[in-house]
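> Please work out how this folds:
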Amino acid sequence: MAAQRTDRSLIDYIALGLTHALIMLALLHVLVRPDLDHEDPLADEPETVPPPPPSPRDKRRARLAGKRGGNA
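Model prediction:
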């Protein structure tokens, strides 16, 4: 009985060691990524994003407002 228990114990240790080794490899892979050294701009600095172009609906409304004299 003791021999069978030792064999199963050995398989359990191999499975446990293999899963821990794979977890360590994955963790090492994540930690050495170069984008972890990159910092995003601070929230205090405003972003310089150009305003979106006017939609056809906005263009049409501006054109019609000009014909009516500005009273919409």
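
> Which element, helix or strand, includes Leu28?
Leu28 belongs to helix 2-31 when assigned by DSSP states H and E.

> Okay, buried residues for that helix please.
Under the neighbour-count criterion of 16 or more other Cβ atoms under 10 Å, helix 2-31 has nothing buried. In short, each C-beta sits where N, CA and C put it, glycine included.

> distance of Ala21 from Ile11?
According to Cβ to Cβ, to the nearest Å, Ala21 and Ile11 sit 16 Å apart.

> Same check on Lys67?
85 Å.

> Could you do Leu25 as well?
Distance from Leu25 to Ile11, by Cβ to Cβ: 21 Å.

> Same check on Leu36?
37 Å.

> Spatially central residue for the protein, please.
The residue lying closest to the centre of the chain (Cα atoms, centre = their mean) is Asp35, at 11.6 Å.

> now that residue, what's its secondary structure?
helix (DSSP: H, G, I helix; E, B strand; the rest coil).

> now Glu39
Glu39 ends up coil, using three-state DSSP.

> so where's this structure shaky on pLDDT?
Along the chain, segments meeting pLDDT under 70 span 1-7, 40-46, 69-72.

> Please repeat the previous calculation with a cut-off of 50.
Scanning the chain for pLDDT under 50 picks out the ranges 1, 72.

> Quick check: the gap between Leu10 and Gly17.
Taking Cβ to Cβ, one finds Leu10 at 10 Å from Gly17.

> Revised request: answer the last question for Pro54.
64 Å.

> So which bits of stretch 47-66 are buried?
Counting neighbours by 16+ other Cβ under 10 Å, stretch 47-66 gives no buried residue.

> Kindly check the end-to-end length of that stretch for me.
33 Å (Cα to Cα, to the nearest Å).
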